[in-house]
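Asks: sequence plus predicted model, see below.
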Amino acid sequence: MKKTDVFCDSSALVPLFSGQSGSADSRPLLNRKSVAVWWGTVVEITSGLARLAREGTIDGPRMAKACARVRALREQWIEVQPSERVRQIALLLLERHALTAADALQLAAALVWANERPQSRSFVCLDARLSDAARKEGFEVAP
């Protein structure tokens with residue numbers, strides 16, 4: 001597995017692909033670093049984009065372009081795969097923090113990516129609750 005510089009939560013990636021506000025916060029960091037993500041991140045991004053399309057925030061052509069960008073960048077990502085260790089850590093995180101199951105899995109995957117030593121490792125997230133939990137676990141949270 002190649003070394004990566006940053007772990008990204010889907011909350012930081014959906015704005016990048018959709019062009020929403022918040023994308024400017026994440027874009028510079030992502031443009032200069034390789035990215036690790038949770039195995040389910042592509043599903044979460046697609047869900048977020050589909051929701052924006054249903055709400056009329058993005059139109060059909062923009063949705064198609066965003067999905068094509070997701071597919072292209074996915075080839076470059078490192079995906080942390082589902083594992084028993086990810087599940088064990090997620091269960092512990094749910095006891096320590098007020099997280100959803102999906103957020104606990106995201107943070108658990110980040111901890112596995114960091115070999116459970118998150119100090120000096122970057123976690124990119126736009127979700128306040130998940131950012132707070134990641135910070136408490138020892139990550140440097142951006143933006």
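Replies: Arrived safely.
Asks: in the sheet, who's paired with Val124?
Replies: Cys8, Ala142 (DSSP bridges).
Asks: correct me, but it touches Pro15?
Replies: No: using C-beta atoms under 8 Å as the test, Val124 is too far from Pro15 to be in contact (11.1 Å). C-beta coordinates here come from the backbone N, C-alpha and C atoms, glycine included.
Asks: which one's more surrounded, those two?
Replies: Set Val124 next to Pro15 and count neighbours by other C-beta atoms under 10 Å: Val124 wins out with 27 against 19.
Asks: that one and Ala142, how far apart?
Replies: Taking C-beta to C-beta, to the nearest Å as the measure, Val124 falls 5 Å from Ala142.
Asks: any idea how many residues pack against Arg129?
Replies: Residues near Arg129, counting by other C-beta under 10 Å: 13.
Asks: shouldn't Leu126 be within a strand?
Replies: No: with DSSP: H, G, I helix; E, B strand; the rest coil as the criterion, Leu126 is assigned coil and is not in a strand.
Asks: so it is in contact with Leu13, correct?
Replies: No: applying C-beta under 8 Å as the test, Leu126 and Leu13 come out as separate, 9.2 Å apart.
Asks: these two: who's more crowded?
Replies: Leu13 (27 against 22).
Asks: quick one, what contacts the residue nearest to the more buried one when sequence neighbours are not counted?
Replies: Taking C-beta to C-beta, 6 or more residues apart in numbering, and ignoring the residues beside it in sequence, Leu13 has Ile45 as its nearest neighbour in space, at 5.4 Å. By C-beta atoms under 8 Å, 6 or more residues apart in numbering, the contact list for Ile45 reads Ser10, Leu13, Val14, Phe17, Val70.
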